[in-house]
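Asks: give me a model of this one.
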Amino acid sequence: MKFLALILFVVLISTIKSRDITFSGYNYRVKSCTTQCGPGSNYFSDATDYVWVDGSNRLHLKVAQNPSAGNRWECSEVIPYEALGYGLYCWGVDFQLEYLDPHIVLGLFTWSDYSDNYYTEIDIEFSKWSDPYADNGHFSVQPYDISGNTYAYNYTDKPQQTMHCFEWKNDYIHFASFSYCDHINCIHDDNTRIDIQWKYTNVSGIPPPNSTHPRINFWITNGPPSQESEMIINNFEFSLTETIDAQSSHSIISASFLLILTLILFSFTLF
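Replies: So this is what the prediction gives:
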């Protein structure tokens, strides 16, 4: 009888399906934790008022109190089914990041459920980690607490819409944040601005792909925030061929051309 009950329990569990969404051409599982789980020992909700895709195909993630669960705080995370490897990962964000609550984290990152190579985790994170005076931007290769594996910066005075990328190769990881750019191809445009960039070149610290998925999460660290918050992700894009360095080179060439043109025009004024 106990054996039969165990079989019925396994069958019941196997029929429970997580909620799925489609965003930017990828199918995602919406994370749900009714008991505390990581990151940050939080509850994660898969409810439609915590995670949804709007009519403009933008992803919304919320950190909010759940009145039906004693007003506990709940967070959000989405996990794509498709594993990706080396290439350029970019997320478009529609949020004034400098005003993000110090107790909330936006994570744009890769993760593998296999523990080898620190879960193949590469992070772009925005948070002040509960310190209102701390830097709010962080590029990291795990483990983050090894010297040289994290680059912290202050990401302020930027427009509402920004894009954040890393290019993952076997010999480097190039991180960059852009203003005036909302899709992967525009990082090569003349009017696109590189706000910040960092190149990680410690080859021994670069993880190889291992069933690695690009995730997005929005969660609480070290205590409740002052108010609920809603994050909008405009898009996620992945490319095997695009590079961040191409943008840098393009900008240099464009600047050089303008300098030469200015010198030519100036020389004409001398005659």
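
Asks: can I get the strand ranked longest in the chain in PDB? Just the C-alpha atoms.
Replies: Assignment by DSSP state E gives strand 229-239 as the longest strand of the chain. C-alpha atoms of strand 229-239 as PDB (Å, rounded to 0.1, in the frame of the first residue of the first chain):
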ATOM      1  CA  SER A 229       9.100  47.400  -7.800                       C
ATOM      2  CA  GLU A 230       8.500  46.400 -11.400                       C
ATOM      3  CA  MET A 231      11.300  45.800 -13.900                       C
ATOM      4  CA  ILE A 232      10.800  45.900 -17.700                       C
ATOM      5  CA  ILE A 233      13.100  43.900 -20.000                       C
ATOM      6  CA  ASN A 234      12.600  45.100 -23.600                       C
ATOM      7  CA  ASN A 235      14.400  42.100 -25.200                       C
ATOM      8  CA  PHE A 236      17.000  39.400 -25.000                       C
ATOM      9  CA  GLU A 237      19.200  38.700 -28.000                       C
ATOM     10  CA  PHE A 238      22.000  36.200 -28.600                       C
ATOM     11  CA  SER A 239      24.500  36.100 -31.500                       C
END
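
Asks: now residue 56: how far from residue 130?
Replies: Shown here: residue 56 relative to residue 130, a distance of 33 Å by Cβ to Cβ, to the nearest Å. Yep, even glycine has a C-beta here, placed from its N, CA and C like the rest.

Asks: which of those two has more neighbours?
Replies: residue 130 (16 against 8; other Cβ atoms under 10 Å).

Asks: what sits against residue 173?
Replies: 122, 141, 166-167, 199-200, 206 (Cβ atoms under 8 Å, 6 or more residues apart in numbering).

Asks: who's it bridged to?
Replies: Beta-bridge partners for residue 173, by DSSP bridges, are residue 168, residue 200.

Asks: which pLDDT value belongs to it?
Replies: Per-residue pLDDT puts residue 173 at 99.

Asks: one more: residue 71?
Replies: pLDDT, residue 71: 97.

Asks: which residue is the nearest non-sequential neighbour of it?
Replies: Of all residues not flanking residue 71 in the chain, residue 65 sits nearest, at 4.6 Å (Cβ to Cβ, 6 or more residues apart in numbering).

Asks: was I right to think that neighbour contacts residue 50?
Replies: No. Assessed by Cβ atoms under 8 Å, residue 65 is found out of contact with residue 50, at 10.9 Å.

Asks: ok, these two, which is more surrounded?
Replies: residue 50 (22 against 14).

Asks: pull stretch 31-42 out as PDB, backbone CA atoms only.
Replies: These are the backbone C-alpha positions of stretch 31-42, laid out as PDB (Å, rounded to 0.1, in the frame of the first residue of the first chain):
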ATOM      1  CA  LYS A  31      10.400  30.000 -11.400                       C
ATOM      2  CA  SER A  32       8.200  29.200  -8.400                       C
ATOM      3  CA  CYS A  33       9.300  28.600  -4.800                       C
ATOM      4  CA  THR A  34       6.600  28.300  -2.100                       C
ATOM      5  CA  THR A  35       9.400  27.700   0.400                       C
ATOM      6  CA  GLN A  36      12.400  30.000   0.600                       C
ATOM      7  CA  CYS A  37      15.100  29.300  -2.000                       C
ATOM      8  CA  GLY A  38      18.000  31.100  -3.600                       C
ATOM      9  CA  PRO A  39      19.100  33.600  -4.400                       C
ATOM     10  CA  GLY A  40      18.700  35.400  -1.200                       C
ATOM     11  CA  SER A  41      16.400  32.900   0.600                       C
ATOM     12  CA  ASN A  42      13.400  34.400  -1.200                       C
END
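
Asks: contacts for that stretch?
Replies: Applying Cβ under 8 Å, 6+ apart, the contact partners of stretch 31-42 are 18-19, 43-46, 73-79, 105, 107, 217, 219-222.

Asks: now it, how far from the centre of its chain.
Replies: 19 Å (Cα atoms, centre = their mean, to the nearest Å).

Asks: likewise for stretch 187-198?
Replies: Computed by Cα atoms, centre = their mean, the chain-centroid distance of stretch 187-198 equals 17 Å.

Asks: what sits closest to residue 122 if chain neighbours are left out?
Replies: Using Cβ to Cβ, 6+ apart, the closest residue to residue 122 is residue 110 (4.8 Å).
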